[in-house]
Structures are given as structure tokens and as C-alpha cells.
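# pasting the structure only:
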RNA sequence: CGAGGUGUGGCUCAGUUUGGUAGAGCGCUUGGUUUGGGACCAAGAUGCCGCAGGUUCGAAUCCUGUCACCUCGACCA
């Protein structure tokens, strides 16, 4: 594809410096501001509006699959966090502790939640008594804190916003089904609402969540060839239930442990949107979550009739999409660049020439195509064009992922060379030994992203690292 | 957290080597002319030089600490 002309000089080109491009976009599009606390971000109105739209869309999907929202405490007593061994080992290095209440030292220190499994378990132990109490399908929207060593807006912040679903089931089968169901909810959301193609798969033991029996993931590929885990779903078995003494009387009148899941998606997904769809002119937002879907820009707005017409279109479109009009006295060129930077999917230009011809000019953000639309057809064309933008964005992201996904069938030297020369997803066979994962990380700088559900034909019968018999195909890559 | 780099009006930076009256462009405000890809003219406002200590008659400049951002590692959603 021909390279798009760069119209926004303030944004560093992504080919020159991808990390700087990311920072520029986040700041120029007014998504976040830095705060006085290390690693904590201020999400500004435009950025928060994106998050609200994500919440709205996802929350409906959770409700549609039978879940209820709750609110859990912010603090976790140390003794509660300690109850599940793997879990505490996984999170202990990055929790923040509260040791003082006012001027009094606390007898037991409280951790600021890094995730709420323990809180949900503590509650479930008190409210689950019978199989009639199951399943419990809870979700909460909240922020959590992890004491990260290096941070970047959206991608890794010390405090981040997310939802965490926590469910309890009568049987393992039901819980596993739930784990998969929610992974599919995330995958559908990414593809249908965010226009981000994802690969569904399972994490290796090395990469799975602390305390989980199985972790499922959706992995997306960013513009620079790095992977971003965009949502996860965990199956816990009855490990936490045993640790927290959660029991219920079953249908056969025996005491049993319920089976548990948890699943989450965070503000990090906004980073995925930026790095999947963005270009050198700034953000490109998927219509489903764009705070403004259509921006009306009057041309020669001082001329009689132009603003009246623009207002008329604004009123007309208000019923069918999120639309705004910019009648400030900035030049049209300035407005074009501004709303491209902010990723508004459609720009609608209306000027004297258009009014004369009963038309307007609509410009797509994703490919900059200019489309002349009759004003009589506006209300049917705009929803179609929004859908076209979504489809175009999805296809473009999918094509790029395809061109950056490749197989390595040889041995260690081949994958080391591939990892250093071709960014992207590397498909290669693996024997299942964690030592091979460690070696690949050390020597090739890549980690296993997932074992994709879609295994199709085996790529090779030999592990790419050690040459022993391969058990599965793994997608490897560098990750955020 | 380790190695390296950068912090000067809102933004991009000059000035730091060799201590001596804080600068430019863009942006902002006001007025006017403009308006189909970041318009033009005129007049104005804006700074404890990231922050805290120290050295000095005197610090943007030298020293110490600290915070933030960028790059590469390690850790991680």
C-alpha cells in the first residue's frame, strides 16, 4: 500500500521511533496526562470516553451471558492474600501495602488489591452452601494496583482500570465451559467492536496466571510486530476453594468443592487499539467505541446558510450516531488534522458548493477516501460508512498480521535468526519442556504467546529448540 | 530495578563547556482580513530554568540527592 502522506508534523513517524510515536499519539490525542505519582496516569475526558464505550459494550456482553456486577473492597488483609500459595508467590513482589491507619500502626497490614481472587473467595466461602447456590457469576469494574518497575500509559501503569469476572461452578466441566465462553466473549468483542483480530489459545505453564490450572488468552499483533495479551480467562479448578474452605452440599448430599474461573480485560486494551490501528497522523478509532463517530466541519462557515445547514445535519445525525460539529474559527485544514489525530472515523465536510448540489463530502479516517453523499441519503449512508470503516480497519489489521506471521520449521539457529530479523508472530513446534521456553527467551528474546486452539496440521514433529519430539505448535514473539 | 540519554514560557529547542540582566520559533489573548488539507497582518501576555539541598559575593550553568520521560535489558496484564 502506498505510504500515506504525513499530515501531522507534531507526531513522530512510527517508522522512525515507534515508542516515541506511541507517546506522541497518547498525548496529542489528549487521552492521558502524567500525574505526580510514579507510573500513575490521568485518563482525560477523551480517553475516558473510549473506556466508557468499551465498558458499555463489554458489560452488555457479560449481562447477556448471565453475569452480575458487584463491588469488592479495595484492601486485602495479608492473611487472606497468603491463603493460596502460588497466588501469593506470583503477586507478592508487586503489591502495595498499607501499614498505617491515620497515625496508628495496623496490627495486620493491608494490601491494595492487585486482583481480587482472594476477596471473592472469602465472600464465596460465606454465601455458597448448596449446589442451589451455584453457579455464582460475578463481575466487578474497578482499578487495581501493581507496583510495576517500568510503566507506560495504558500498556503498563501501576494503577489500572479493568473488569474482573469471578465465577464458581458445581462441576469442572461447567467451569471450563465458562472459561472458554468468556474468552470467546473477549475475542468477539475485540473483533466486532475494536476491529482487532486476535488469536485464541492457551498459555504454557510458565506463562499462566499465579494459582491457575489453565490460562487462556487472546493475543493481538501490534504495528511494530510485538504481541499484546488483550484479555485472559483462567480456570482454577478447586485449588482456591480448598485453600479458602469453600464447600457446598451436592445433589448427592456429599460435601464438595466448587470449581472456579476468573477473567479480565483492562485499560491496556486502549493501548492495543492505538498500536493496532494508529498511523502517522495519529489515532484511528474503531467506530463502535469512538467517542465521536462523525465530525461535521463547515467550510466557509461565515457565508450565509452554511452554519444553518451544518446544524440541520447535526440534528439529523444525532439520532443515529455520536456526532459533533466544530464551528470554531480554526481553519478547515486545522480541523481536518485535529480530528484525524483524534481518530474520528468519519469527517463530514459541508460548504457552499455542497449546499448548492444538495450533498456533502464524507472522508473516511481509515483510508482517507472522499465520498460525495447526497443529503437525502445521509441517514442511511452514514451507518453504512461507519460499518465500512470498521470492516476496512479489521481487514487491514488482519492483512498485516498475516504478513507478519510465519513458520519456523528448522532448529534453534533458525528461530534465533528469525526472531532478530523479522518482527511478528513465529509459529514453531515445541516439546513442552519449560527449559526450551527459557532458552528461547534467553537466546532469541522471544516468549511463548500461546498454544493456539487452532492447531491444524503440525508444523514440525521436532521441537524448534531441543529437537526432541514436538507436542504442540506454539506462537512465539516479543511481547508488551 | 541495572546501563545510557533528556528535563529552560503551553510546545520544540538555543544558552550550560568557561557561573555575571533568561532567549527564539510555534502556540495563547485582542482586533482585522480569511476559510475545500494545520491561513495572514498588527498589538499583547506568559519563566523560582523539573524539584530539594549544597558550593559561591553571585547558579539555568558547578556538586549531591530526588522526580519524570525516552532507549536497551530484567519483571509483568
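Looks like it arrived, so ask away. Only a predicted model underlies this, so the values are computations on that prediction, with no experimental measurement involved. Residues are numbered from 1 along each chain as shown, chains lettered A, B, ... in the order given.
# residue most distant from the centroid, chain A?
residue A:304 (46.1 Å; CA atoms, centre = their mean).
# and it, what pLDDT?
Residue A:304 carries a pLDDT score of 91 in this model.
# wasn't it part of a helix?
No: going by DSSP: H, G, I helix; E, B strand; the rest coil, the assignment for residue A:304 is coil, not a helix.
# phi, psi of it?
Dihedral pair for residue A:304: phi -60, psi 140, per degrees, to the nearest 10.
# from residue A:297, how far off is it?
18 Å (CB to CB, to the nearest Å). The way it works is simple: take the backbone N, C-alpha and C, and place the C-beta from them, glycine included.
# check residue A:309 too.
Taken as CB to CB, the span from residue A:309 to residue A:297 is 12 Å.
# ok, these two, which is more surrounded?
Counting neighbours by other CB atoms under 10 Å for residue A:309 and for residue A:297 shows that residue A:297 has the greater number, 26 against 20.
# how about low-confidence regions in chain A?
A:1-10, A:36 (pLDDT under 70).
# determine the longest helix present in it.
Assignment by DSSP state H gives helix A:378-403 as the longest helix of chain A.
# and the next element down the chain from it?
Next helix or strand after helix A:378-403 toward the C-terminus (DSSP states H and E): strand A:405-407.
# re earlier: any shared contact partners between residue A:309 and residue A:297?
Each of residue A:350 lies in contact with both residue A:309 and residue A:297 under the rule CB atoms under 8 Å, 6 or more residues apart in numbering.
# OK, contacts around residue A:225?
By CB under 8 Å, 6+ apart, the neighbours of residue A:225 are A:404, A:422, A:423, A:424, A:477, A:478.
# which of these lies closest to RNA strand B?
Distance to RNA strand B across the contacts of residue A:225 (CB to the nearest atom of the strand) is lowest for residue A:478, with 7.7 Å.
# was I right about the closest one contacting residue A:448?
No: checked against CB atoms under 8 Å, the pair residue A:478 and residue A:448 is beyond contact range at 11.6 Å.
# quick one: which of those two has more around it?
Taking other CB under 10 Å, residue A:478 and residue A:448 do not tie; residue A:448 has more neighbours (24 against 19).
# residue numbers of the stretch 251-400 of chain A in contact with RNA strand B?
With CB under 7 Å from any atom of the strand as the criterion, the stretch 251-400 of chain A meets RNA strand B at residues A:266-268, A:281, A:299-302, A:329-334, A:336-338, A:340-341, A:349-354, A:360-361, A:363, A:368.
# now intersect the residues you listed with the helices, please.
Filtering those for helices - DSSP H - leaves A:268, A:332, A:333, A:334, A:336, A:337, A:338, A:340, A:341, A:352, A:353, A:354.
# any of these buried? List them.
A:268, A:336, A:337, A:338, A:340, A:341, A:352, A:354 (16 or more other CB atoms under 10 Å).
# rewinding a little: now for the longest helix of chain A, which elements pack on it?
helix A:268-277, helix A:306-318, strand A:346-350, strand A:359-364, strand A:370-374 (3 or more CB pairs under 8 Å, 6 or more residues apart in numbering; DSSP states H and E).
# out of the ones you listed, which comes closest to residue A:413?
Of all the helices and strands packed on helix A:378-403, helix A:268-277 sits nearest to residue A:413, with 30.3 Å by CB to CB.
# follow-up on the earlier one: can I get the ones in helices among the residues of the stretch 251-400 of chain A next to RNA strand B in TSV with distance to residue A:133?
Listed next are those as TSV, based on distance: CB to CB, whole Å:
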residue	distance to residue A:133
A:268	33
A:332	62
A:333	63
A:334	60
A:336	58
A:337	57
A:338	54
A:340	53
A:341	51
A:352	68
A:353	68
A:354	63
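# which members of the residues you listed are the farthest-apart pair?
A:268 and A:352 (46.0 Å).
# now the residue of chain A at minimum distance from RNA strand B: which helix or strand?
Minimum separation of chain A from RNA strand B (CB to the nearest atom of the strand) falls at residue A:19, amounting to 1.5 Å. Here residue A:19, judged by DSSP H and E, is contained in helix A:18-28.
# touching that helix from outside, list them.
Residues contacting helix A:18-28 (CB under 8 Å, 6+ apart): A:8, A:10-14, A:31-32, A:152-154, A:223-224, A:271, A:274-275, A:278, A:280, A:282-283, A:341.
# can I have the buried ones of the residues you listed as a PyMOL selection?
Filtering the contacts of helix A:18-28 down to the buried ones (16+ other CB under 10 Å) takes a single PyMOL command:
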select buried, chain A and resi 8+11+12+13+14+31+32+152+153+154+223+224+271+274+275+278+280+282+283+341
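# among the contacts of helix A:18-28, which lie within strands?
Among the contacts of helix A:18-28, the ones falling in strands (DSSP state E) are residue A:32.
# residue A:17 and residue A:332, how far apart?
30 Å.
# ah, wrong one, I meant residue A:47
With distances taken as CB to CB, residue A:47 is found 26 Å from residue A:332.
# ok, residue A:211 touching residue A:241?
No: using CB under 8 Å, residue A:211 makes no contact with residue A:241, being 11.6 Å away.
# all helices for chain A, in order.
A:18-28, A:45-64, A:78-81, A:85-91, A:117-127, A:172-192, A:239-243, A:268-277, A:306-318, A:332-341, A:352-356, A:378-403, A:412-421, A:434-444.
# helices or strands next to the last one in the packing?
Using 3+ CB pairs under 8 Å, 6+ apart as the contact test, the elements touching helix A:434-444 are helix A:412-421, strand A:447-452.
# okay, the ones you listed in a markdown table with distance to RNA strand B next?
As requested, the helices and strands packed on helix A:434-444 are exported to a markdown table (distance: least, CB to the nearest atom of the strand, whole Å):
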| stretch | distance to RNA strand B |
| --- | --- |
| helix A:412-421 | 10 |
| strand A:447-452 | 8 |
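# most neighbours per residue, which of these?
strand A:447-452 (a mean of 22; mean count of other CB atoms under 10 Å).
# ok, it: who's next to it in the sheet?
In the sheet, strand A:447-452 lines up against strand A:199-202 (antiparallel), strand A:472-477 (antiparallel) (DSSP bridges).
# residues touching the last one, excluding its own?
The contact list for strand A:472-477, computed with CB under 8 Å, 6+ apart, reads A:199, A:201, A:204, A:219, A:221, A:225-227, A:405, A:415, A:419, A:424-430, A:432, A:440, A:444, A:446-452, A:455, A:458-459.
# just the buried ones from these?
The buried subset of the contacts of strand A:472-477 (16+ other CB under 10 Å) comprises A:199, A:201, A:204, A:219, A:221, A:225-227, A:405, A:415, A:419, A:424-430, A:432, A:440, A:444, A:446-452, A:459.
# can you list the domains in chain A?
Domain assignment for chain A by automatic domain parsing gives A:20-277, A:294-388, A:405-477.
# residues in contact with residue A:464?
Residue A:464 neighbours (CB under 8 Å, 6+ apart): A:408-412, A:414-415, A:428-430, A:436, A:440, A:470.
# which residues touch the closest residue to it other than its chain neighbours?
In space, and not counting its chain neighbours, residue A:464 is closest to residue A:428: 3.9 Å by CB to CB, 6 or more residues apart in numbering. When contacts are counted by CB under 8 Å, 6+ apart, residue A:428 touches A:407, A:408, A:409, A:415, A:459, A:460, A:464, A:473, A:474, A:476.
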